[in-house]
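*Asks:* Got a predicted structure plus its sequence, pasted below:
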Amino acid sequence: MSGLVISAGTTQADTDIDRKIDALRAAAHGSVVEFPAREPPPAPPAVDATALRRLSDLLLLPAAMLHPQERAFAVDMIHTALDGADVEDRSQLARRLARAGPIAPSLVARLAHDRDLGVARPLLRHGASMADHDLIAVIRDGGVERAYQIACRAPLNADVAGEIAANADGAAVYAALRNTAAVLTPESIARIAVRARTDPSLCEPLLKRPEMTPACALDLFWQVGRDLREYVLGRFLADAATVRRILDGEAGSPPLPATAAPADGQGIQGAIMVIADNMARGRLDEARADLAPLAGVSGATARRIVHDHGGEAFAVAMKAAGARRSTFASVVALWQTAGRTVFEASGSLDELLVLFERLSVGQATMAMTYWDWREAGSGPYAASRTRESIGEEM
């Protein structure tokens, strides 16, 4: 009889079948056993456009009519449906969510980053459901077109506008400046002013913002053409008596610079003609040295004035120094007959005479004060206040 003989705790094969089994065991010893690959889980059922609309209807029900877990389930199902939804269906959902409150932040964020800008536009431009942090994320990562759409929002909150001012491209910054519903903080204004030095298209909308400050505007004065210069001088200058009253109420405020002109009025007029003649002859260092004490400003401010490209700053300085109209008319006549162009900017020198006549002595003194403060880093340009935010390069 064939079988297994058990002896001393071992099993011995005494048949051919047993020997074959033992041989197979030995051949398989140490080999890796491979199990069949597990079948992938079945794909979730497709959700057609009709089902997507019904899910959207469910999602947008008032809070009292829908349990939070049911709303969460609807959100998950809509995410699944969006994987295969076409542009029209995604756009319709985005438009509906744009009019809703913050009920589905994950869906709003997904659609705001949709590959098709037409889908994202309603949310970016009008979406009440877009939180500020979502908008800031889109500005940073969503590209130029999306930042522009956000810049056109109404309202455009201060934090979002600040992100545009700091990191968006020129088109978005321009749109934010033109957006009357945008809230621009002094820090945002200062950042845009720095950018305006290399992007002249930003100067006009920036100068005409209601939040614009005299300090920032009088900095930009040096970067713009005659029309905007006249706008700056007309809008941002007050009579010096008003400025003195303000300073009198602020302990430690730097005083307005006093004009250190010669006591003799005729001497002032003669000194002005000497400066004008030196400028006509290209002797700008001599003109600067004479202008500084006459106008009561620092040498750095005087240098900037005589090297200015348009001449408007010189007209301001002459008004502050006490030049008579007849004297400044003589200056203009001298420059018109000079053998070289005194100023690089185009425009009639007669326009400088019109500007000179329109300014008051107090307004001119205020402008000179701000320009001197800028050079000295004092007053509104002190390092502890706004100098760093405005930028040293200004």
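*Replies:* Received the coordinates, thanks. Numbers count the residues shown, from 1 in each chain.
*Asks:* Figure out the helix or strand that D285 lives in.
*Replies:* helix 284-295 (DSSP states H and E).
*Asks:* helices or strands up against the next helix or strand after that helix?
*Replies:* As assigned by DSSP H and E, the chain's next helix or strand after helix 284-295 is helix 299-306. Helices and strands touching helix 299-306, by 3 or more C-beta pairs under 8 Å, 6 or more residues apart in numbering; DSSP states H and E, are helix 284-295, helix 312-321, helix 361-376. All C-beta atoms are positioned from the backbone trio N, CA, C, and that covers glycine.
*Asks:* please redo it, this time with the cut-off set to 10 Å
*Replies:* Contact here means 3 or more C-beta pairs under 10 Å, 6 or more residues apart in numbering; DSSP states H and E; on that basis helix 299-306 packs against helix 265-280, helix 284-295, helix 312-321, helix 361-376.
*Asks:* Out of these, which is the most enclosed?
*Replies:* When the helices and strands packed on helix 299-306 are scored by mean count of other C-beta atoms under 10 Å, the highest mean neighbour count falls to helix 312-321 (a mean of 26).
*Asks:* In PDB, list the C-alpha atoms belonging to the helix holding D285.
*Replies:* Output of helix 284-295 as PDB, limited to C-alpha atoms (Å, rounded to 0.1, in the frame of the first residue of the first chain):
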ATOM      1  CA  LEU A 284      24.600 125.300 -15.200                       C
ATOM      2  CA  ASP A 285      27.000 124.900 -12.300                       C
ATOM      3  CA  GLU A 286      27.200 128.700 -12.000                       C
ATOM      4  CA  ALA A 287      23.400 129.000 -12.300                       C
ATOM      5  CA  ARG A 288      22.900 126.400  -9.600                       C
ATOM      6  CA  ALA A 289      25.300 128.100  -7.200                       C
ATOM      7  CA  ASP A 290      23.500 131.400  -7.600                       C
ATOM      8  CA  LEU A 291      20.000 129.900  -7.500                       C
ATOM      9  CA  ALA A 292      20.300 128.000  -4.200                       C
ATOM     10  CA  PRO A 293      20.700 131.000  -1.900                       C
ATOM     11  CA  LEU A 294      18.300 133.100  -4.000                       C
ATOM     12  CA  ALA A 295      15.500 130.600  -3.700                       C
END
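*Asks:* W335 is nearest to which of the helices and strands packed on helix 299-306?
*Replies:* Closest to W335 of the helices and strands packed on helix 299-306 is helix 265-280 (C-beta to C-beta; 5.7 Å).
*Asks:* Run the angle between that closest one and helix 312-321 for me.
*Replies:* 170 degrees (axes from the mean of the first three to the mean of the last three C-alpha atoms, to 10 degrees).
*Asks:* and the angle from helix 265-280 to helix 284-295?
*Replies:* Here helix 265-280 points in a direction 150 degrees away from that of helix 284-295 (the same axes, to 10 degrees).
*Asks:* what's helix 265-280 packed up against?
*Replies:* helix 284-295, helix 299-306, helix 312-321, helix 325-337.
*Asks:* what residue ranges in this protein score low on pLDDT?
*Replies:* 1-15, 18, 20-47, 240-266, 339-341, 344-347, 383-394 (pLDDT under 70).
*Asks:* Please name the nearest non-neighbouring residue to the residue nearest in space to the middle of the chain.
*Replies:* Most central in the chain under C-alpha atoms, centre = their mean is A165, positioned 0.8 Å from the mean C-alpha point. Sequence neighbours aside, S188 is the residue nearest to A165 in space, at 4.0 Å (criterion: C-beta to C-beta, 6 or more residues apart in numbering).
*Asks:* According to the record, where do the domains of the chain fall?
*Replies:* Following the assignment in automatic domain parsing, the chain carries domains at 49-224, 265-390.
*Asks:* State the distance from S330 to Q269.
*Replies:* Distance of S330 to Q269, computed by C-beta to C-beta, to the nearest Å: 9 Å.
*Asks:* next one: L202
*Replies:* As judged by C-beta to C-beta, L202 and Q269 stand 41 Å apart.
*Asks:* before we move on, back to that, in the one helix or strand the residue nearest to A165 maps to, what counts as buried?
*Replies:* According to DSSP H and E, S188 maps onto helix 186-196. Within helix 186-196, the residues that count as buried by 16 or more other C-beta atoms under 10 Å are P186, S188, I189, A190, R191, I192, A193, V194, R195, A196.
*Asks:* cool, stretch 52-61 as well?
*Replies:* For stretch 52-61, the neighbour count (16+ other C-beta under 10 Å) marks L52, L55, S56, L58, L59, L60 as buried.
*Asks:* Ok, stretch 202-221 next?
*Replies:* Neighbour counts over stretch 202-221 (16+ other C-beta under 10 Å) mark 202-207, 209, 212-221 as buried.
*Asks:* Just the terminal-to-terminal distance for that stretch.
*Replies:* End-to-end distance of stretch 202-221 (C-alpha to C-alpha, to the nearest Å): 13 Å.
*Asks:* Among the buried residues of stretch 52-61, which lie within helices?
*Replies:* The members of those that map onto helices under DSSP state H are L52, L55, S56, L58, L59.
*Asks:* which residues sit in contact with the third one?
*Replies:* In other words, S56. S56 makes contact with A74, I78, A81, D89, Q92, L93, R96, L97, A100, A104, L107 under the criterion C-beta atoms under 10 Å, 6 or more residues apart in numbering.
*Asks:* buried subset of the residues you listed?
*Replies:* Among these, those classed as buried by 16+ other C-beta under 10 Å are A74, I78, A81, D89, Q92, L93, R96, L97, A104, L107.
*Asks:* so the residue nearest to A165 makes contact with A151?
*Replies:* No. Contact criterion C-beta atoms under 10 Å: S188 and A151 do not qualify, at 11.9 Å.
*Asks:* Could you tell me which residues touch both of these two?
*Replies:* A161, I164, A165, V173, A176, L177, A182.
*Asks:* quick one on the thing from earlier: in TSV: the helices and strands packed on helix 265-280, plus distance to A128.
*Replies:* Shown next, in TSV, are these (distance: least, C-beta to C-beta, whole Å):
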stretch	distance to A128
helix 284-295	55
helix 299-306	49
helix 312-321	46
helix 325-337	57
